[in-house]
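Undergrad: Below is the structure, and that's it, no one-letter string:
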């Protein structure tokens with residue numbers, strides 16, 4: 001039937017390219033798969049599910065993070081994201097944001113949210129609440145400007161003092177300069193820290209916002225603290241970039257297919 005329809009246009013009709021055919025059929029298959037997952041999505045709502053992440057780096061050293069959902073019906077692939085942003089300055093803050101959202105979504109019912117928050121806190125203890133995490137949390141202007149009360153939190157400030165005591169353990173004069181002079185300027189938004197451009201530049205936490213670059217641009221007044229802040233905010237919090245995960249992506253992203261866009265990679269997987 002298809003050949004008959006094509007024949008009506010006589011000879012000379014340019015055939016569709018393999019790219020046009022592959023995209024069309026791939027998009028149809030993606031829609032079919034989404035429809036098949038609707039039963040899973042309903043089960044996720046009724047009985048709950050677990051979000052799983054797995055990251056690997058391709059041959060170009062780009063970090064790809066896969067997101068999957070696991071439930072009684074099995075594991076389903078959601079999407080993949082290129083993950084390049086230095087994350088140390090966001091780990092503790094985003095966990096705090098997640099805990100607040102959990103409390104709100106459960107209507108502030110302590111009996112409902114407390115077991116979940118307790119599990120999160122237990123998993124964080126000794127792993128994601130180190131002096132480095134809390135110091136980078138305070139030195140990330142997105143959180144500091146959003147919540148000025150962070151600087152008065154005793155747990156955070158004790159962690160910050162411990163961090164500088166460890167980092168500058170053999171240099172008392174530098175400790176004194178950074179903690180009693182530079183840090184106070186930062187907390188009080190002195191000089192460039194408090195200019196309009198500085199404040200507006202860190203109101204939104206999106207892919208364009210880089211707290212380390214912000215410090216390099218606006219943190220010139222206290223150079224010692226700025227240097228330390230740029231160092232810690234440029235750190236990653238995961239070793240996933242070093243992993244070579246033998247997953248489906250390894251089969252898809254080969255030398256012959258290394259020009260595939262991320263969206264097509266998602267659809268193929």
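TA: Received it, and whenever you're ready, just let me know what you need. Keep in mind that this is a model prediction, so the values were computed, not measured.

Undergrad: what sits up against the host helix or strand of residue 45?
TA: Element membership of residue 45 [criterion: DSSP states H and E] is helix 38-47. Residues outside helix 38-47 that contact it (Cβ atoms under 8 Å, 6 or more residues apart in numbering): 49, 69, 71-74, 76. C-beta coordinates here come from the backbone N, C-alpha and C atoms, glycine included.

Undergrad: Least confident of the residues you listed?
TA: pLDDT across the contacts of helix 38-47 is at its lowest for residue 49, which sits at 78.

Undergrad: rewinding a little: if you count neighbours, what's buried in the helix holding residue 45?
TA: 40, 44 (16 or more other Cβ atoms under 10 Å).

Undergrad: where are the low-confidence patches of the stretch 1-150 of the chain?
TA: For the stretch 1-150 of the chain, applying pLDDT under 70 flags the ranges 1-13, 15-16, 19-22, 55-63, 81-86.

Undergrad: correction: the stretch 151-269 of the chain
TA: 238-266, 268-269.

Undergrad: Correct me if wrong: residue 90 contacts residue 133.
TA: No. Counting by Cβ atoms under 8 Å, residue 90 stays clear of residue 133, with 9.9 Å between them.

Undergrad: got the domain boundaries for the chain?
TA: When the chain is parsed with automatic domain parsing, its domains come out as 38-84, 88-233.

Undergrad: For those, could you give me CSV that also reports distance to residue 31?
TA: As requested, the domains of the chain are exported to CSV (distance: least, Cβ to Cβ, whole Å):
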stretch, distance to residue 31
domain 38-84, 11
domain 88-233, 28
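
Undergrad: Please identify the most buried of these.
TA: Mean neighbour count (mean count of other Cβ atoms under 10 Å) peaks for domain 88-233 among the domains of the chain, with a mean of 16.

Undergrad: and whichever strand or helix holds residue 68, what other elements does it pack with?
TA: Taking DSSP H and E as the definition, residue 68 sits inside strand 63-71. Packing partners of strand 63-71 (3 or more Cβ pairs under 8 Å, 6 or more residues apart in numbering; DSSP states H and E): helix 38-47, strand 50-57, strand 74-82.

Undergrad: quick check, nearest of the contacts of helix 38-47 to residue 152?
TA: Nearest to residue 152 among the contacts of helix 38-47: residue 49, at 38.2 Å, using Cβ to Cβ.

Undergrad: what residues are up against the closest one?
TA: Applying Cβ under 8 Å, 6+ apart, the residues near residue 49 are 43, 69-71.

Undergrad: is it true that residue 151 touches residue 187?
TA: Yes. With contact defined as Cβ under 8 Å, residue 151 counts as touching residue 187 (4.7 Å).

Undergrad: hey, what's in contact with both of those two?
TA: Joint contacts of residue 151 and residue 187 (Cβ under 8 Å, 6+ apart) are residue 144.

Undergrad: now residue 237, what's its secondary structure?
TA: Here residue 237 is recorded as coil under DSSP: H, G, I helix; E, B strand; the rest coil.

Undergrad: go on, residue 185?
TA: helix.

Undergrad: Quick check: phi and psi at the closest residue to it other than its chain neighbours.
TA: Distance criterion Cβ to Cβ, 6 or more residues apart in numbering; nearest residue to residue 185, sequence neighbours excluded, is residue 222 at 5.2 Å. Backbone torsions of residue 222, given as degrees, to the nearest 10, read phi -100, psi 80.
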